[in-house]
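Asker: Structure here, sequence nowhere to be found:
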């Protein structure tokens with residue numbers, strides 16, 4: 001089992017607020033990893049747990065060596 005110390009890597013996580021609750025997903029990880037919760041904190045904790053499980057299941061190779069994402073923004077555009 002991996003401990004939090006053994007994988008210390010900063011991962012950017014997107015958290016979306018929906019009418020039913022919050023959904024969170026990481027950037028820079030191979031595969032699908034999603035967390036959810038009734039609050040921002042619950043969704044963030046759920047996705048952290050899901051990331052650890054994903055790494056334990058598939059190995060550290062699912063982490064990109066260096067994510068190309070420097071920052072993430074939310075914007076709106078009229079189309």
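Answerer: Done, it's in. Please read all numbers here as calculations on a predicted model, not as lab measurements. Numbers count the residues shown, from 1 in each chain.
Asker: What are the contacting residues of the helix or strand residue 45 falls within?
Answerer: Per DSSP states H and E, residue 45 falls inside helix 40-58. Contacts with helix 40-58, where a contact means CB atoms under 8 Å, 6 or more residues apart in numbering, come from 1-2, 4, 7, 11, 13, 15, 17, 21-26, 29-31, 33-37, 62-63. From N, CA and C alone the C-beta is placed, and that goes for glycine too.
Asker: Now list the buried members of the residues you listed.
Answerer: Using 16 or more other CB atoms under 10 Å as the burial test, the contacts of helix 40-58 include 11, 13, 22-26, 29, 33, 35-37, 63 as buried.
Asker: Report whether residue 25 is found in a helix, as I expect.
Answerer: No. Per DSSP: H, G, I helix; E, B strand; the rest coil, residue 25 lies outside any helix segment and is strand.
Asker: pLDDT value on it, please?
Answerer: Looking at residue 25, its pLDDT is 95.
Asker: For the closest residue to it other than its chain neighbours, what are phi and psi?
Answerer: The spatially closest residue to residue 25, leaving aside those adjacent along the chain, is residue 34, at 5.0 Å (CB to CB, 6 or more residues apart in numbering). Backbone dihedrals for residue 34, given as degrees, to the nearest 10, come out at phi -140, psi 140.
Asker: If I look at residue 34, what pLDDT would I see?
Answerer: For residue 34, pLDDT reads 96.
Asker: Looks like it contacts residue 16 (just checking).
Answerer: No. Between residue 34 and residue 16 there is no contact under CB atoms under 8 Å: 10.3 Å.
Asker: Pull up the overlap in contacts between these two.
Answerer: 23-24.
Asker: gap between residue 57 and residue 73?
Answerer: Counting by CB to CB, to the nearest Å, the gap from residue 57 to residue 73 is 31 Å.
Asker: next one: residue 56
Answerer: 31 Å.
Asker: Which one's more surrounded, these two?
Answerer: A count of neighbours by other CB atoms under 10 Å puts residue 56 above the other of residue 56 and residue 73, at 12 against 4.
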